[in-house]
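Asker: the sequence and its predicted three-dimensional model are supplied below.
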Amino acid sequence: MQCYKEALRLRPRFGQAWANLAYAYLKLGQHDDATRAYEESVAREPGNAEARTSLAVLYRRAGRKDDARRELTEALRAEPQCARAHYHLGRFHLAEGDRGAALEEYKLLLPIDEKRANRLFDTVYK
């Protein structure tokens with residue numbers, strides 16, 4: 001954790017360091033700190049689809065559905081082949097009761113990451 005904080009002290013605009021710090025906070029169960037760090041990462045590197053996806057997952061867990069949907073949409077705009085974003089968008093659709101949209105994400109995910117796509121499919125038909 002300290003190494004990320006030191007990196008940010010030296011280069012506060014380094015978005016990936018913010019994402020790494022967020023992940024460290026997440027592993028410690030400090031979800032609010034993780035959310036703030038991912039927000040900093042995305043602000044500095046808007047095209048970081050992985051950071052946006054991680055932020056979306058945290059938003060969804062916090063009940064911030066609109067923010068989660070926005071981040072997943074932006075993640076896929078930045079990187080249309082981002083398997084994690086497709087998977088989590090599919091899960092988001094399921095949570096909202098939209099099985100059809102979840103299956104569309106499955107179809108998009110299948111050629112990118114078959115294993116993850118099959119996990120989504122299994123969740124759709126659980």
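Answerer: Nice, I can see it.
Asker: roughly how far apart are the nearest residue to Val57 once chain neighbours are set aside and Ala17?
Answerer: Distances taken as Cβ to Cβ, 6 or more residues apart in numbering place His88 nearest to Val57, at 5.9 Å, with adjacent residues excluded. Bear in mind the C-beta positions are built from the backbone N, C-alpha and C, glycine included. In this structure, His88 lies at 23 Å from Ala17, with Cβ to Cβ, to the nearest Å as the measure.
Asker: can you check what pLDDT the model gives the spatially most central residue of the chain?
Answerer: Most central in the chain under Cα atoms, centre = their mean is Thr53, positioned 1.3 Å from the mean C-alpha point. The model reports Thr53 with a pLDDT of 98.
Asker: need phi/psi at it.
Answerer: For Thr53, the backbone dihedrals (degrees, to the nearest 10) come out as phi -70, psi -40.
Asker: Pro46 now?
Answerer: The phi and psi values for Pro46, taken as degrees, to the nearest 10, are phi -60, psi -20.
Asker: what sits against it?
Answerer: For Pro46, the residues meeting the contact criterion (Cβ atoms under 8 Å, 6 or more residues apart in numbering) are Glu74, Ala78.
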